[in-house]
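Novice: Any chance you could fold what I've pasted below:
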Amino acid sequence: MFEPGFDQAAGLRGEVPPGSAVLMPVCSPSQPARAYEWLCMLASSLTAAGRAVVIVDASAHESSHSHRHDGAHLGLMRVLQDPSIVHLERPLDGTDWLVMPGATGLQALQETAHVAGAHMALSRLLTPFAPGVVVLMFAPAFSLAGLLPGLGARALVPVIEQPQSSIDAYGSVKVLHAAGLSPVLAPLSFAAPAALQTVVNTVADTAQRHLGLSLDSWPVATWALRVQESAIERPRPTPAHGYHGLLPAASHTGHAAAAVAPSLWS
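Specialist: Numbers count the residues shown, from 1 in each chain. Below is the predicted model of the structure:
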C-alpha cells in the first residue's frame, strides 16, 4: 500500500518525536557526477559538526534485489513502503554517512505533494530517519520544486569550477524561485577561486536582473552551521488533520508556512 497521501504507516505519522530528522534540499546539476565531490564536502562538514548525515541520491534508481535493511541498497522507495524500517541513521558498513538511491521514491513523494500537500510529502520523507539526522536530498531543481512547492525553504545550489556550472546554477535558481523556494548559492573552489567567484557573480547578477532576486552565497566554511540552522523540520500535526493524517484540501495549495529552523543569517 503506497498510495499518494497515505500508506500502511500513515497512522504513525501523526506523532512527531522531539528533535526529528531534518531536510536540506540540494540541487543536482545536469551531470550529477560533477557535483559528487561537492556533495561529499557538504556531508563531511556536517559530520565534523557531529551530525549524522543521510544522502538521498535521486539521480540513482533503487534496486529491487538487495536485502540490506539499512536503506543503503534498498533505497528511498523501500523505506517509505516498509513501516518496520525506522531510525535510519548510520550505515552498517562503518562508512561516514548513509547514501541511498532515491529516484523512484522521490517520484512517489512528488505524487503525495500533488495530492495531499508538501507538508505531507515532507513528513513521509523524514519519518524513516532517526531524530537529529540531516537528510540531504540531491535531486534536480524541478523535482525539488514538485516535492516542496510554496514552502519558502532554503535549497542549496552547487556552484563548481565547470563550464556548465553557471547555466546549471541559474537554471536551478529560476525553477526553485518560481516554485516558492529560496535558492542559495554554495560555491566550492578546487583550484581557481577567482574564476569560481566570477561564475557566482554571473549567476547572482543574472538572477537580480531577470528575476529581481537577491541571492545569498554561503562560503564553504559556513556550510555546516547554516545548513543546521536552515534545514526543514518535519511538520507537526494540527487538529485539522483528517483520516490517516491527511491534510485538509486547503493545504494542497502549499500556502502554509514550512517548519524551518530560524536562521541567524541574512
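Novice: for the stretch 51-200 of the chain, which spans come out with low pLDDT?
Specialist: Residue ranges of the stretch 51-200 of the chain with pLDDT under 70: 64-73.
Novice: Going along the chain, name the strands of it.
Specialist: 53-57, 98-101, 134-139, 154-159, 182-187 (DSSP state E, counting those that start in this stretch).
Novice: Secondary structure element holding Cys40?
Specialist: Following DSSP states H and E, one finds Cys40 within helix 36-48.
Novice: which strands and helices sit next to that helix?
Specialist: Counting contacts by 3 or more CB pairs under 8 Å, 6 or more residues apart in numbering; DSSP states H and E, helix 36-48 is packed against strand 53-57, strand 134-139, strand 154-159, helix 223-230. C-beta: built from backbone N, CA, C; applies to glycine.
Novice: ok, and for the last one, which residues are buried?
Specialist: By neighbour count on 16 or more other CB atoms under 10 Å, the buried set for helix 223-230 is 223-228, 230.
Novice: leaving aside the residues next to it on the chain, what's closest to Val199?
Specialist: Closest residue to Val199 apart from its sequence neighbours, by CB to CB, 6 or more residues apart in numbering: Ser166 at 4.8 Å.
Novice: roughly how far apart are that neighbour and Gly102?
Specialist: Ser166 sits 27 Å away from Gly102, taking CB to CB, to the nearest Å as the criterion.
Novice: And those two? Which one has more around it.
Specialist: Neighbour comparison, Ser166 and Gly102: the larger count goes to Gly102, with 31 against 17 (by other CB atoms under 10 Å).
Novice: Contact partners for the more buried one?
Specialist: Contact analysis of Gly102 by CB atoms under 8 Å, 6 or more residues apart in numbering lists 56-58, 60, 62, 75-77, 137, 139.
Novice: what's the closest of the residues you listed to Glu111?
Specialist: Nearest to Glu111 among the contacts of Gly102 is Met77, at 11.9 Å by CB to CB.
Novice: what sits against the residue nearest to the closest one when sequence neighbours are not counted?
Specialist: What sits nearest to Met77 in space, not counting adjacent residues and going by CB to CB, 6+ apart, is Gly105, at 3.9 Å. Residues near Gly105 by CB under 8 Å, 6+ apart: 56, 62, 75-80.
Novice: CSV please, covering these and showing distance to Cys27 and neighbour count.
Specialist: Shown next, in CSV, are the contacts of Gly105 (distance: CB to CB, whole Å; neighbours: other CB atoms under 10 Å):
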residue, distance to Cys27, neighbour count
Val56, 13, 27
Glu62, 21, 19
Gly75, 20, 25
Leu76, 17, 28
Met77, 21, 23
Arg78, 25, 22
Val79, 23, 25
Leu80, 22, 23
